[in-house]
Structure formats: C-alpha cells, structure tokens
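Student: Structure here, sequence nowhere to be found:
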C-alpha cells in the first residue's frame with residue numbers, strides 16, 4: 001500500500017510540475033491565458049477598491065512650465081478609479097516624452113493618492129535654427145516652448161551644433177558679466193568655434209582653442225573703453241600671435257550737382 005501511495009504521489013507530483021511549466025510558458029510567451037490573467041487582475045483591483053483603495057487625490061510637485069492639468073491628464077483616471085489599476089510606469093514613460101520634463105517620480109500613496117514629483121529642465125539659452133526658436137538646457141537638450149516671450153532675456157545662440165557647446169560657452173563668458181550683457185548673440189561657426197555678435201553690430205571672431213584668453217583680452221578692451229565707440233566692424237582674435245581689427249568704411253560724402 002505504501003509503495004502504491006508513493007508511486008501515485010510521485011506520478012501526481014510529476015504531472016503537477018509539467019502542468020506548472022506549461023502554464024508558465026503559456027502565460028509568459030503566448031497570449032493564450034491573457035483573458036484569464038485580465039480577469040484575475042481585474043478581480044483583484046475591484047476587491048482592493050471595495051476596501052477603499054480608490055483614487056481621490058493627485059498630488060503634483062516640482063512643475064513650473066508644465067501645467068498641472070496636462071500632468072494629471074496622463075493618468076487617464078477619474079476620482080473613484082481603483083488605485084491599483086493606474087499604470088504608473090506607463091504614465092512615467094508618457095511624461096518623460098515631454099520636452100520640459102527631465103525626471104519623474106510616481107508613487108501610489110495608499111489608500112487614495114497618486115503622488116507625482118516632476119524635475120523640469122532649466123533652459124539656459126535660446127537657439128535659433130531654420131528660422132525657428134527653441135530653448136536648450138545645460139545638457140544640450142532641445143525644448144519647444146509654447147511661449148518663448150518670457151525667456152527673451154536668455155542668451156541667443158545660432159548654429160547646428162550650438163546646443164551641445166552652449167554650456168561651455170556661457171561658463172567662459174561669465175568671467176566678465178558686464179561684457180556679457182553686450183553680447184547680442186553667439187554664432188557657432190564651422191562646428192569648431194564661436195563668433196560673438198556685440199552691440200553696435202561688432203563681430204568678434206573667437207579662436208577654436210584658448211577661448212578664455214581671447215575673451216580676457218576682449219574684456220580688457222571693454223574695461224579700458226577701447227571696445228565700443230571705435231567704429232569697429234570685425235575683431236579677429238583667432239590667431240593669438242596677431243589680432244586683427246577692421247573698422248566700418250566711412251560713408252561717402254554727399255555731392256550736389258551744379259545747375
């Protein structure tokens with residue numbers, strides 16, 4: 001009797017193992033059991049909701065340029081929705097597609113709250129490309145703003161690869177913040193160096209290397225009142241051994257015809 005019981009027990013255990021493996025394979029690698037899985041999950045959500053685990057509050061922190069309404073809309077859930085049924089990982093992926101959002105933390109805070117913490121990107125410059133204006137952050141990430149007017153005080157940059165190098169540029173020109181105020185725009189030239197466009201339409205050709213040295217020289221000119229009001233058109237600082245200054249050509253004198 002013991003041998004028979006042991007035999008049937010081992011046989012039943014073997015069948016259970018095979019069945020379990022088959023069910024796992026069907027569940028993970030096919031869609032055969034999807035209706036059953038959905039029914040089980042739905043039943044669990046409903047049971048949890050009956051115990052009070054439903055959405056009542058959405059707490060959002062950290063947003064400044066992304067509206068609260070747009071963030072909340074990504075949940076696609078109304079008050080009373082089972083809290084466990086809200087796919088927070090999917091919501092996070094959707095939010096990260098927003099140009100403004102750098103990072104997102106989403107948590108279920110039981111029994112009835114979804115907490116969303118937004119880390120926004122900080123724009124440091126306005127980038128002009130193909131006659132359109134964008135914002136860029138210190139990582140070179142491009143942001144398409146709905147209203148760029150409130151960012152007009154940011155530095156203006158031009159050039160296909162300018163966003164990738166703007167953080168370094170701004171760091172270098174911070175050594176003279178007063179001179180910086182007179183820079184109208186910075187043009188990335190040949191994907192190698194910068195041209196600084198100053199007030200009075202002065203173009204300063206900066207070198208590919210030793211940018212800081214050239215900028216310090218420009219700063220000395222400014223502090224000694226030898227930069228502006230000199231009728232300069234171009235200041236070429238690309239060659240550290242010899243700087244070149246070009247002035248605007250004087251306007252031709254007016255002539256009158258004798259009758």
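Tutor: That came through, no problem. Everything numeric here is computed off the predicted structure, so don't read it as measured data.

Student: Now for this protein, the helix or strand with the poorest mean pLDDT.
Tutor: Taking mean pLDDT, DSSP states H and E as the measure, the chain has helix 34-50 as its least confident helix or strand, at a mean of 59.

Student: low-scoring stretches of the protein, by residue?
Tutor: 1, 18-50, 52, 251-259 (pLDDT under 70).

Student: Please enumerate the helices of it.
Tutor: Under the criterion DSSP state H, the chain contains helices at 2-29, 34-50, 68-73, 88-95, 162-173, 177-180, 211-223.

Student: elements contacting the third one?
Tutor: Judged by 3 or more CB pairs under 8 Å, 6 or more residues apart in numbering; DSSP states H and E, helix 68-73 is in contact with strand 57-61. For glycine as for every other residue, the C-beta is placed from the backbone atoms N, C-alpha and C.

Student: What is the strand it packs on packed up against?
Tutor: helix 68-73, strand 113-120.

Student: tell me which residues in stretch 59-79 are buried?
Tutor: Under the neighbour-count criterion of 16 or more other CB atoms under 10 Å, stretch 59-79 has 60, 62-63, 65-66, 71, 74-75, 77 buried.

Student: same check, this time on stretch 165-181
Tutor: Quick answer for stretch 165-181 (16+ other CB under 10 Å): 165-167, 169-170, 172-173, 176, 179-180.

Student: same thing with stretch 233-243?
Tutor: 235-238.

Student: Next step: these restricted to strands.
Tutor: Residues of the buried residues of stretch 233-243 located in strands (DSSP state E): 235-236.

Student: farthest pair in the buried residues of stretch 233-243?
Tutor: Farthest pair in the buried residues of stretch 233-243 (CB to CB) is 235 and 238. Separation: 10.2 Å.
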